[in-house]
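# Dropping a prediction and its sequence here:
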Amino acid sequence: MTVLQKLSALRKIMISNKVDAIIIPSADPHQSEYIAAHWQERVWISGFTGSAGTVAITHDHAGLWTDSRYYLQGEMELRGSSYVLHKMTNQFAAPYVDFLIDSLPAGSTVAINGFMFSKAAVDGIKKSLAEKKINLIHRLDLISEAWQDRPDLSDALIETHEEKYAGKSIGDKLKEIRLAMSATNPSAVDYHLITALDDLAWTFNIRGKDVEYNPVAIAYAVIGKSDAHIFVNQSKLSDKVKSAFAKNKIKIHDYSEIITFLNHLKEETSILVDPNICSQTLYEAINATVITGSSLPKTMKTIKNETEIKHIRSVMKKMVPLWHRLFTGSKKPW
């Protein structure tokens, strides 16, 4: 299908669902910066392959919003597609929302896929649209109806990141997370939901090949006071990873079971959630009391232990001569 054909197909689906506009971000259900081909919806619908950008489509306008890094690329890749390039001066703003507010009449409906937007982002969009009495719905996946040949998720094997490189065992990290959970204000929490792929890689000492040029594996996790759960395609786990998980009493669930698990948490329990990286869909699936705060592994992994520092220094020693040769053309190391 050409970009024009994709756009036409999506608009027909929008009409059948009584949707006046749709917002398609550069995101995945884990709010990653770099995303697997399976979730590159903005690339598929627009043809624009830059790493950052957001598409907003109405029945008579298709726009791509991106920042100055991609102005030239945007102009080239959107040529002949009927898309309009909207140049953003602030890459952290949401001018596509302002465009919809100015373009749509009161009572209109804007659709997003709640998996692709964080809880915090949805709150912001909803508040802005409500000022014009425009409705936001986040439980429709219209792109999947149009994208018939969507790539499958990676089936690459997930391996362990050995302690001799990590500097800490899985057990050490789980203990740190649980200690931080017990000290969380306003009160100790029973569970912590981890959704970011790099946080998961650090917590469980795993490495994957699910996203190009990123050593991460697609998964979710819930850490309890005395239990731990990971949600992942189990066929991707190496025997070594399974053994490490069993040793640390980590229960393995299928990736798709995260919603059901969150649905069945006891109401009297509490769970720590980072609304900036937890998708709207996961957030509203939680049955327990939600305590909002930053992801604990996100902060913990910034503090490097002695083993990690040693390896960083080793890498720098190897890289400096290479940089010298690259920028000077000299074959001598110095």
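Yep, it's here.

# lowest-pLDDT helix or strand in the protein?
Sorted by mean pLDDT, DSSP states H and E, the helices and strands of the chain end with helix 306-328, the least confident at a mean of 83.

# Any stretches of the stretch 51-200 of the chain with poor pLDDT?
Where the stretch 51-200 of the chain drops to pLDDT under 70, the residues are 185-186.

# Which parts of the stretch 151-300 of the chain are helices?
Ranges of helices in the stretch 151-300 of the chain, per DSSP state H, counting those that start in this stretch, are 163-166, 170-182, 197-204, 239-247, 258-263, 280-285, 296-300.

# what does the shortest one contact?
For helix 163-166, the surrounding residues in contact (C-beta atoms under 8 Å, 6 or more residues apart in numbering) are 169, 205, 307-308, 311. C-betas here are computed from N, CA, C, even on glycine.

# That one: which residues count as buried?
With burial defined by 16 or more other C-beta atoms under 10 Å, the residues of helix 163-166 counted as buried are Ala166.

# Reduced to three states, what does the residue lying closest to Ile312 once chain neighbours are set aside come out as?
The shortest distance from Ile312 to any non-neighbouring residue, by C-beta to C-beta, 6 or more residues apart in numbering, is to Lys304 (6.9 Å). Here Lys304 is coil, with the state taken from DSSP: H, G, I helix; E, B strand; the rest coil.

# Okay, and the beta partners of Ile250?
Per DSSP bridges, the residues bridged to Ile250 are Ala228.

# burial measure for it, as a count.
21 (other C-beta atoms under 10 Å).

# if I look at it, how far off is Lys236?
15 Å (C-beta to C-beta, to the nearest Å).

# What's the end-to-end length of stretch 66-79?
Distance between the two ends of stretch 66-79: 15 Å, counting by C-alpha to C-alpha, to the nearest Å.

# burial of the spatially closest residue to Asp152 that is not a sequence neighbour, as a residue count?
Nearest non-adjacent residue to Asp152, counting by C-beta to C-beta, 6+ apart: His38, 6.5 Å away. Around His38 there are 16 other residues, counting by other C-beta under 10 Å.

# what separates His38 from Ile158, distance-wise?
Applying C-beta to C-beta, the value for His38 to Ile158 is 16 Å.

# Excluding sequence neighbours, find me the nearest residue to Ser144.
Once flanking residues are discounted, Ser144 sits nearest to Arg150: 6.9 Å by C-beta to C-beta, 6+ apart.
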